[in-house]
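Q: Quick check, what structure comes out for this input:
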Amino acid sequence: MVLKSFSLSGYRGFASKQTLKFGIPSGTAGSGLTVLVGPNNAGKSAVIEALQFLQDPTSAPPLRESQRNALTSGDVRFEYNTDVGLLTLATGPGGGLVWTSLPAGFEQAFLLVLPSRRAFSPRFAVQPIDRVNYARSVTLAGNRQPNPTPFTGRLRGAHDKRKEFNAVMRRILGEAPAWHIEQQDEGQYYLKITSGATPHGSEGLGDGIVSLFMIVDALYDARPGDVVVLDEPELSLHPAVQKRLARYLVEFSANHQVIVATHSPQFVSIPALASGARLVRVALKDKSSTIFELASDTATALATLADDIHNPHTLGLRAKEAFFLEEGVILVEGQEDVMGYERIFSTFPEPIDAGFFGWGTGGAPKMPLIAQMLHELGFERVMGILDSDQAAVVRELGTRFPKYGFQMIPTKDVRDKPETRSRPARFGLLNSDLSVKPEHARVVAALYHDALDYFRAMPAD
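A: Numbering: from 1, shown residues only. Got it, this is the predicted structure:
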């Protein structure tokens, strides 16, 4: 089953119809990934809630007054466009939600939504539950409290398939903890984890480990074609674990659809955009939740910037923070410009309500592409500062983005720089395209294996 797109209107902050297109798995890493970003209270949770309705289309969910958008007549409509047909959930004559007939070939519970509030009971009775029924029983939309009941039934299945489960856990956590299910004398069960020589019961588990168990469970037995929705997977996870999880999701999305709603720049994969991944931003415009999507051509062009060895931080972690700004972005040419203009602006008493784009755009010629990206993602308050020798770029920016503000300083750089003599050529292990030179292949291999052996010999923390 493939979820091609989704539309909603009249629900929570969405006054007008908004459509979200999803990444489609093609066998290439990143192709099935969709990353949903945006400020708080913009509408991401409403999208996740609406996707939860698709987990069990055999019954229509209740619709409370607080879920209806106050700017509409009370009509609510959801359209789920799949590869087997269109499913529609809309308000009926009585005011409640009603499903249309399901298209032939529709597969029940092909989609699993994992809410952001992840928890399970430390003491439980083992009542196995399969993936389909688990997906149906996950906290329904509108209930923002954690529902710890269904997952404990999944632990038994994971316990019986620990090899497969631990293989995914190892990829994400760095190592798979020794764990199994124990039974108390009173008859209840609990999860026991041994770290080093110290065993821990369910009560002693940190929120991050609890969250990881539920995330890994949503991934390890997913079938090709399944859709996995993760709401704020970064919660309680160390940044290094976030990074490994993000990398795993890119690989996983080669054959599965993955939809991630996040506030962490770790989960925005620029290289994946060239493979068909979707970057979507939800923001308030005219007091209504609005969906903005990065165009495919822009996404492909941005992915090429990740290979710029002269400016590797153009779309690095600091730069990706721009996707998570509420509004107000200042584009500058490079890293020194960020430091220079931050120093300049700090000398004035009133702070500017804006943030710089990462560490600079990596040169003035790249600024139109970065501006195009921000424009497509719905940013309205953007300005740029360029050197005096970039008049042509300033004119282009002014023509293409008349609502943005671009300024040109009267000097050719933000600071004085002394004249330097040309540096003589240097020869390294790699060619200019970063490929290993044949004459150094043996040295490079030895260097790699020395590093591998060293870190293998280091005791794990």
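Q: Can you pull out the low-pLDDT segments for the stretch 51-200 of the chain?
A: Residues of the stretch 51-200 of the chain that meet the criterion pLDDT under 70 lie in 107-109, 139-149, 196-197.
Q: now the helices for it?
A: Secondary structure of the stretch 51-200 of the chain by DSSP state H, counting those that start in this stretch: the helices cover 131-137, 151-160, 162-173.
Q: Quick one: list the elements packing against the shortest one.
A: To tie it back to what came earlier, the one meant is helix 131-137. Contact here means 3 or more C-beta pairs under 8 Å, 6 or more residues apart in numbering; DSSP states H and E; on that basis helix 131-137 packs against strand 111-114, helix 151-160. C-betas here are computed from N, CA, C, even on glycine.
Q: Alpha carbons only: can I get stretch 327-345 in CSV?
A: Presented in CSV, the C-alpha positions along stretch 327-345 are these (Å, rounded to 0.1, in the frame of the first residue of the first chain):
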residue,chain,number,x,y,z
GLU,A,327,10.1,33.5,11.1
GLY,A,328,12.9,36.0,10.3
VAL,A,329,16.0,34.8,8.5
ILE,A,330,19.1,36.8,7.5
LEU,A,331,21.1,35.4,4.6
VAL,A,332,24.8,36.3,4.4
GLU,A,333,27.6,35.0,2.2
GLY,A,334,29.8,33.0,4.6
GLN,A,335,30.9,32.0,8.1
GLU,A,336,32.9,35.2,8.7
ASP,A,337,29.9,37.3,7.7
VAL,A,338,27.8,35.6,10.4
MET,A,339,30.4,36.4,13.0
GLY,A,340,30.9,39.9,11.7
TYR,A,341,27.3,40.9,11.5
GLU,A,342,26.4,39.3,14.8
ARG,A,343,29.2,41.5,16.3
ILE,A,344,27.9,44.6,14.5
PHE,A,345,24.3,44.1,15.5
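Q: Identify the residues contacting it?
A: With contacts defined as C-beta atoms under 8 Å, 6 or more residues apart in numbering, stretch 327-345 is touched by 311, 313, 322, 351-364, 367, 370-371, 374, 379-387, 390, 414-415.
Q: Stretch 397-410 now?
A: 367-368, 371-372, 375, 380, 382-388, 390-391, 394.
Q: how far does that stretch sit from the chain's center?
A: Centroid separation between stretch 397-410 and its chain, computed with C-alpha atoms, centre = their mean, to the nearest Å, is 31 Å.
Q: ditto for stretch 37-45
A: 13 Å.
Q: Identify each buried residue in that stretch, please.
A: For stretch 37-45, a neighbour-count test (16 or more other C-beta atoms under 10 Å) marks 37-39, 42-45 as buried.
Q: So which of those belong to strands?
A: Of these, the ones assigned to strands by DSSP state E are residue 37.
Q: of the buried residues of stretch 37-45, closest to residue 431?
A: Ranked by distance to residue 431 (C-beta to C-beta), these are led by residue 37 at 36.7 Å.
Q: Thought residue 323 was touching the closest one, still the case?
A: Yes. Using C-beta atoms under 8 Å, residue 37 makes contact with residue 323 at a distance of 4.9 Å.
Q: if I pick the closest residue to residue 326 other than its chain neighbours, what's in contact with it?
A: Excluding the flanking residues, the one nearest residue 326 by C-beta to C-beta, 6 or more residues apart in numbering is residue 39, at 4.3 Å. Residues in contact with residue 39 (C-beta under 8 Å, 6+ apart) are 283-284, 324-326.
Q: Just put these in JSON lines and tack on pLDDT, neighbour count and secondary structure.
A: JSON lines is the format used below for those (pLDDT from 0 to 100; neighbours: other C-beta atoms under 10 Å; DSSP: H, G, I helix; E, B strand; the rest coil):
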{"residue": "283", "pLDDT": "93", "neighbour count": "21", "secondary structure": "strand"}
{"residue": "284", "pLDDT": "91", "neighbour count": "17", "secondary structure": "strand"}
{"residue": "324", "pLDDT": "74", "neighbour count": "16", "secondary structure": "helix"}
{"residue": "325", "pLDDT": "69", "neighbour count": "16", "secondary structure": "coil"}
{"residue": "326", "pLDDT": "70", "neighbour count": "15", "secondary structure": "coil"}
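Q: want to throw these into TSV with distance to residue 62?
A: Output for the contacts of residue 39, formatted as TSV (distance: C-beta to C-beta, whole Å):
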residue	distance to residue 62
283	28
284	26
324	33
325	36
326	32
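Q: In the residues you listed, find the pair that's most separated.
A: 284 and 324 (14.8 Å).
Q: got the contact list for stretch 127-134?
A: Residues contacting stretch 127-134 (C-beta under 8 Å, 6+ apart): 108-109, 112, 137, 150-154, 156-157, 221-222.
Q: Show me which residues of that stretch are buried.
A: Buried, per 16+ other C-beta under 10 Å, within stretch 127-134: 129, 131, 134.
Q: nearest to residue 439, of the residues you listed?
A: Residue 439 lies nearest to residue 131 out of the buried residues of stretch 127-134, by C-beta to C-beta, at 52.8 Å.
Q: That closest one and residue 449, how far apart?
A: 41 Å (C-beta to C-beta, to the nearest Å).
Q: Please apply the same query to residue 376.
A: From residue 376 to residue 449 the distance is 45 Å (C-beta to C-beta).
Q: With residue 128 instead?
A: Distance from residue 128 to residue 449, by C-beta to C-beta: 45 Å.
Q: Same question for residue 115.
A: 44 Å.
Q: Looking at those two now, which is surrounded by more residues?
A: The neighbour comparison of residue 115 against residue 449 (other C-beta atoms under 10 Å) goes to residue 115, with 24 against 10.
Q: my read: that one touches residue 138, true?
A: Yes. With contact defined as C-beta under 8 Å, residue 115 counts as touching residue 138 (6.7 Å).
Q: before we move on, back to that, show the buried residues in the contacts of stretch 127-134.
A: Buried members of those, counted by 16+ other C-beta under 10 Å: 109, 112, 137, 150-154, 156-157, 221-222.
Q: out of these, which one sits closest to residue 124?
A: Closest to residue 124, out of all of the buried ones among the contacts of stretch 127-134 and judged by C-beta to C-beta, is residue 152, at 3.7 Å.
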